[in-house]
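A.B. asks: Okay, sequence plus prediction incoming.
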Amino acid sequence: MSPSNINTYLNKVGGVFNWAVKEEMMDRNPANGLRVPDAALRRDKRLPFSTAQLRAIFTAPLHTGCRDDGHGYAAPGNCRPRNARFWIPLISLFNGLRLNEACQLDVTDVRLIEEVPCFVITEASAGSATDKRLKTASSARVVPIHPELVALRFMDFVVERRRAGEIKLFGEVGLGATGYRSTTFSAWFTRFTGKAKARSNKTCFHSFRHNFRDALREARIERDIALALGGWSAPGGSGSSASVSDAYGSGYRVATLFEAISRVSYPDLDLSHLEP
């Protein structure tokens, strides 16, 4: 658990003790001022990719024409692969999925809900597999697929995988030593950004999530919807944004979420060369 999450829990425990002190059940609050040190100051934590970095990533040979999708992904050529290495960064940028959430998707996790194509982020696996993990309970959610991915023919890719009888959407991404598929993809992505001249000390794959959050802010998406799309909180959850009212109702309609995510955009990033 990260230091910031630990301190959030300690703060809530302190609130319970404060109540006990007021009720004269305790003489003092033993959690008063109790925190664990966070070595990473806010200014030193991960940053979103800059526009220049995003351009470098999406104009690398992998996206404009490479030798092959193996070791030749960084060498110019005539191959235009459309698999995990192509789709996963785009999914994180436009839909805000965490790396492991995208890597472990089953084909059946892409569904039409209320006539809207969606990602269903869940630990439930197709068949008897038990390889899927979520960061928190609030990570489980439904996220409408961004129109940009639809325009790039992502749904055609899903149909191809389904017709091939595949269970995993990105079956070529294997499990790492830690049991997470994100481990192997993250290692490759670090090498990729280095070759694409897009690497910096404060950015990594998770920076796509920071870009997504900023894009939600720029689009003036209300905070509760933004948190629901990114899996940062859930109704009745234990996050700092939870309140009594969060336990009421059943969440947002897919149409509402789709309208919101459709407003996510990156005006300075031209991806027209990715269109088939």
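C.D. replies: Nice, I can see it. Numbers count the residues shown, from 1 in each chain.
A.B. asks: Helix, strand, or coil at Val143?
C.D. replies: With DSSP: H, G, I helix; E, B strand; the rest coil as the basis, Val143 sits in strand.
A.B. asks: That one contacts Phe258, correct?
C.D. replies: No - under the criterion of CB atoms under 8 Å, Val143 is not in contact with Phe258, lying 9.4 Å apart. All C-beta atoms are positioned from the backbone trio N, CA, C, and that covers glycine.
A.B. asks: Can you dump the C-alpha atoms of stretch 171-184 in CSV for me?
C.D. replies: What follows is stretch 171-184, C-alpha atoms only, in CSV (Å, rounded to 0.1, in the frame of the first residue of the first chain):
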residue,chain,number,x,y,z
GLY,A,171,-2.8,-13.1,-25.5
GLU,A,172,0.7,-12.3,-26.6
VAL,A,173,1.3,-10.5,-23.3
GLY,A,174,2.4,-13.2,-21.0
LEU,A,175,2.4,-13.3,-17.2
GLY,A,176,5.4,-11.8,-15.5
ALA,A,177,7.3,-13.3,-12.5
THR,A,178,5.0,-11.4,-10.2
GLY,A,179,1.9,-13.0,-11.7
TYR,A,180,0.9,-9.8,-13.5
ARG,A,181,0.8,-9.3,-17.3
SER,A,182,1.7,-5.7,-16.8
THR,A,183,5.2,-6.6,-15.7
THR,A,184,6.3,-7.9,-19.1
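A.B. asks: got a list of contacts for that stretch?
C.D. replies: By CB atoms under 8 Å, 6 or more residues apart in numbering, the residues outside stretch 171-184 that reach it are 83-84, 88, 98-100, 103-104, 131, 133, 170, 185, 187.
A.B. asks: same question, stretch 15-31
C.D. replies: Leu10, Val13, Gly14, Asn32.
A.B. asks: Give the buried residues for that stretch.
C.D. replies: Neighbour-count burial for stretch 15-31, with 16 or more other CB atoms under 10 Å as criterion, is recorded at Phe17, Asn29, Ala31.
A.B. asks: Ok, stretch 255-274 next?
C.D. replies: So, applying 16+ other CB under 10 Å, buried residues of stretch 255-274: Leu257, Phe258, Ala260, Ile261, Val264, Tyr266, Leu271, Leu274.
A.B. asks: Same list, the residues you listed, but as TSV with pLDDT please.
C.D. replies: Below are the buried residues of stretch 255-274 laid out as TSV (pLDDT from 0 to 100):
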residue	pLDDT
Leu257	97
Phe258	97
Ala260	97
Ile261	97
Val264	97
Tyr266	97
Leu271	96
Leu274	95
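A.B. asks: what's the span of stretch 96-115 from first residue to last?
C.D. replies: 21 Å (CA to CA, to the nearest Å).
A.B. asks: Quick check: Pro37 touching Asn7?
C.D. replies: No - with contact defined as CB under 8 Å, Pro37 and Asn7 do not form a contacting pair (9.5 Å).
A.B. asks: More neighbours: which of the two?
C.D. replies: Remark: of Pro37 and Asn7, Asn7 carries more neighbours, 15 against 6, as counted by other CB atoms under 10 Å.
A.B. asks: what element comes up after the helix or strand containing that one heading to the C-terminus?
C.D. replies: In this structure, Asn7 sits in helix 3-22 according to DSSP states H and E. Later in the chain than helix 3-22, the nearest helix or strand by DSSP H and E is helix 51-58.
A.B. asks: Other residues contacting that next one?
C.D. replies: Here helix 51-58 makes contact (CB under 8 Å, 6+ apart) with 49, 63, 89, 93, 192-193, 196-198, 200, 203, 211, 266, 268-271, 274.
A.B. asks: again with stretch 71-80
C.D. replies: 60-62, 64-69, 81, 85, 192, 195-196.
A.B. asks: among these, which are in helices?
C.D. replies: Pro61, Leu62, Thr64, Arg85, Phe192, Lys195 (DSSP state H).
A.B. asks: Looking at the residues you listed, spot the one nearest Glu222.
C.D. replies: Relative to Glu222, the closest of the ones in helices among the contacts of stretch 71-80 is Arg85; by CB to CB it sits at 34.1 Å.
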